[in-house]
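[1] mind looking at a prediction? Sequence and model below.
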2 protein chains.
Amino acid sequence: MASYMAFTDCSTSAPTRTFLFSRFRPRRGLPSIPPHLLQGLPVAGFRLPSLRITNSPSSFPKAAISTEASAMVIDGKSIAKEIRHEITTEISRMKDEIGVIPGLAVILVGDRKDSATYVRNKKKACESVGVKSYEVCLPEDSTEEEVLKFISGFNDDPEVHGILVQLPLPSHMNEQNILNAVSIEKDVDGFHPLNIGRLAMRGREPLFVPCTPKGCIELLHRCDIDIKGKQAVVIGRSNIVGMPAALLLLREDATVSIVHSRTKNPEEITSQADIIISAVGQPNMVRGSWIKPGAVIIDVGINPVEDATSPRGYRLVGDVCYEEACKIASAVTPVPGGVGPMTIAMLLSNTLSSAKRMHNFQ
Amino acid sequence: MASYMAFTDCSTSAPTRTFLFSRFRPRRGLPSIPPHLLQGLPVAGFRLPSLRITNSPSSFPKAAISTEASAMVIDGKSIAKEIRHEITTEISRMKDEIGVIPGLAVILVGDRKDSATYVRNKKKACESVGVKSYEVCLPEDSTEEEVLKFISGFNDDPEVHGILVQLPLPSHMNEQNILNAVSIEKDVDGFHPLNIGRLAMRGREPLFVPCTPKGCIELLHRCDIDIKGKQAVVIGRSNIVGMPAALLLLREDATVSIVHSRTKNPEEITSQADIIISAVGQPNMVRGSWIKPGAVIIDVGINPVEDATSPRGYRLVGDVCYEEACKIASAVTPVPGGVGPMTIAMLLSNTLSSAKRMHNFQ
């Protein structure tokens, strides 16, 4: 998601709101979440028994730790860890049975620090589960042809099962040309229009589902949150998150609405939703008044906001005003520690699936 | 759309409903429609001045011709005629300037009467605008390979700019294999997943947009109905109409909701919409109570219902209870005579665009 420094903070600068629903009462038809999949939060003076109680995320607002806080925190970090463990086991089994190790190639062009960090994290994640990683780092002034040459090489390499081009690319390159060059069978990012088309169509199956939206749905599944027949709203319509998230929700038989920058009064639509997935990159945009009591909130935004009390001078917040959401929703993903860890877990999952498919390994 | 014989008729067997809004008053922010694009309807004793007054469609319910009727009828037949006229002019210009005549190949397998009628109608429409039509009729027991051979031939034929395989195919054939074989550059139906993917993605352009949803949006455009920022609901999520209609509305910056068979209380969502596109094949499903006063209704359904008074024993109705919609909506497409004629007009338009693109003709 686009992110930028902002002063917005729903606990301080935002106007005070009155909440009619200061405590969540389970509503009929709303999803119930198994306690072991939720991060324990103090609710009205007691802590929920939890197998996965983790530390509160660093951005956890103190105001939410009050008798009014009621939403359960969906612990993406813990769920992603569980998934990585499952992947490790599967990779080990595949290696033992057919001698194949899944391989992921990452191409990095230029010297953006954030991109280099992402690539490093992906490499570390690959190592942790047993995926072999291949890395190509090209200088900023490389030509499109040079990048295409490496993609072509990885397309032909039977040891590479997934290819990922780290975005953004330098401005002199045509991103579309480069992404289109990645073989559809190795497009573990799932951004190829053929994959998106198959995702949109009934009776068709994409080879890969884009990692972040796949992670959002996986969080819902692993928390036993019903999607079928539920009213879901996706905020944002990006190719990377919003649109595929909406298509995935539709495949799960949710009734789906997509709101975006041109939507008038988005809160009128979001406040009817059982499930909200927000992916706009606007810190604290989704206020408590936007949320239906008992709704489930998946917050994809990762936005740095200035924070003089932090050693780094900033902290990360989501699109959703977390402390307000905690008072109204039944479940919320924190930022960080919610959707974020799921994205890399899904990338590893896509790479494993690709290797299994290529070698017809069940 | 799927269609079947049914007894449903909102003017007789359906429960009586009370309407709070017996006469339409234009609401602020709702689209106004130029009178010349609307089929004149008697409203409160007077007939709207109209350049395109046509006969009421055969299914037009008598009850709607009363002082309560207020919606304007969007005259798809007349608008489609206008489009066909524009296409004729363009084809003539292309022939004169570069000597190229657009060509459309239609493949029909088996002896279904309805399919044969559709193919005949397409052929007639081609002739009427100057598109050269190529037709292949294969027996029911043809093999998939035979069909694929003809597709391959048309793919390679420079005089063919569009290829259309009439659906449904005999059950022993794999529809997906056959449709995928049509060259993406000649997929005038726009059903290829690569086209749908591009339609779904921001910054990408499909080569072709599926004809029926394209026709729906064209009706809105030609009636100067604003889409941007409006709340739109698509009923139905088929690959052929519902899904691409939703994607098109989103590209036009509407806020889009998709309701379907798994949606609970769809009327709660549709009754908030400024624009409804219904494509489910359920006669008279959308009742007056589902419609917001002043909304615009595009009815894609074409459903035969029994009618002893008709010489054929049935008549065609839409998904929308027309007489109720007339009292509440600001504009409605009739069935027949609404979206139907637009579908073939858009097929001709796609064929012309294809020929222009192949010959780089502006």
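    Perfect, thanks for sending it.
[2] contacts and neighbour counts: CA atoms only from here.
    OK.
[3] for residue A:30, report the pLDDT, please.
    pLDDT for residue A:30: 41.
[4] which residues make contact with stretch A:151-170 from outside it?
    Stretch A:151-170 is contacted by residues A:101-110, A:115, A:119, A:140-141, A:175, A:179, A:181-183, A:185-189, A:350-352, A:354-355, A:358 when judged by CA atoms under 8 Å, 6 or more residues apart in numbering or on different chains.
[5] my bad, stretch A:244-258
    Here stretch A:244-258 makes contact (CA under 8 Å, 6+ apart) with A:196, A:199-200, A:202, A:209-210, A:213-214, A:216-217, A:227-237, A:269, A:277, B:255-260, B:262-263.
[6] the longest helix in chain A is where?
    In chain A, with assignment by DSSP state H, the single longest helix is helix A:76-98.
[7] what comes up buried for it?
    Residues A:76-80, A:83-84, A:87-88, A:90-92, A:94 are the ones in helix A:76-98 that count as buried (16 or more other CA atoms under 10 Å in any protein chain shown).
[8] which bits of chain A sit near chain B?
    A:193-198, A:200-202, A:228-231, A:238-239, A:243, A:253-260, A:262-264 (CA under 8 Å from any CA of the partner chain).
[9] and those residues, which of them are in strands?
    Residues of the residues of chain A next to chain B located in strands (DSSP state E): A:231, A:255, A:256, A:257, A:258, A:259.
[10] with pLDDT, distance to residue A:285 and neighbour count added, can I get the residues you listed in TSV?
    TSV is the format used below for these (pLDDT from 0 to 100; distance: CA to CA, whole Å; neighbours: other CA atoms under 10 Å in any protein chain shown):
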residue	pLDDT	distance to residue A:285	neighbour count
A:231	98	20	24
A:255	98	23	28
A:256	98	20	27
A:257	98	18	26
A:258	98	16	26
A:259	98	13	28
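[11] just the closest of those to residue B:321, please.
    Nearest to residue B:321 among those, counting by CA to CA, is residue A:255 at 22.7 Å.
[12] which residue comes closest to the closest one once chain neighbours are left out?
    Spatial nearest neighbour of residue A:255, excluding adjacent residues (CA to CA, 6 or more residues apart in numbering or on different chains): residue A:231 at 4.9 Å.
[13] same check on residue A:278?
    That would be residue A:235: by CA to CA, 6+ apart, it lies 4.6 Å from residue A:278.
[14] report the buried members of the residues of chain A next to chain B.
    A:193-198, A:200-201, A:228-231, A:238-239, A:243, A:253-260, A:263.
[15] helix, strand or coil for residue A:104?
    Here residue A:104 is strand, with the state taken from DSSP: H, G, I helix; E, B strand; the rest coil.
[16] spit out the contact partners of it.
    A:126, A:131, A:132, A:133, A:134, A:160, A:161, A:162, A:163, A:164, A:351.
[17] now those as TSV including neighbour count?
    Formatted as TSV, the contacts of residue A:104 follow (neighbours: other CA atoms under 10 Å in any protein chain shown):
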residue	neighbour count
A:126	24
A:131	23
A:132	17
A:133	19
A:134	17
A:160	22
A:161	29
A:162	30
A:163	27
A:164	21
A:351	28
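[18] chain neighbours aside, what residue packs nearest to whatever residue of chain A ends up closest to chain B?
    Closest residue of chain A to chain B, CA to the nearest CA: residue A:197 (3.5 Å). Excluding the flanking residues, the one nearest residue A:197 by CA to CA, 6+ apart is residue B:197, at 3.5 Å.
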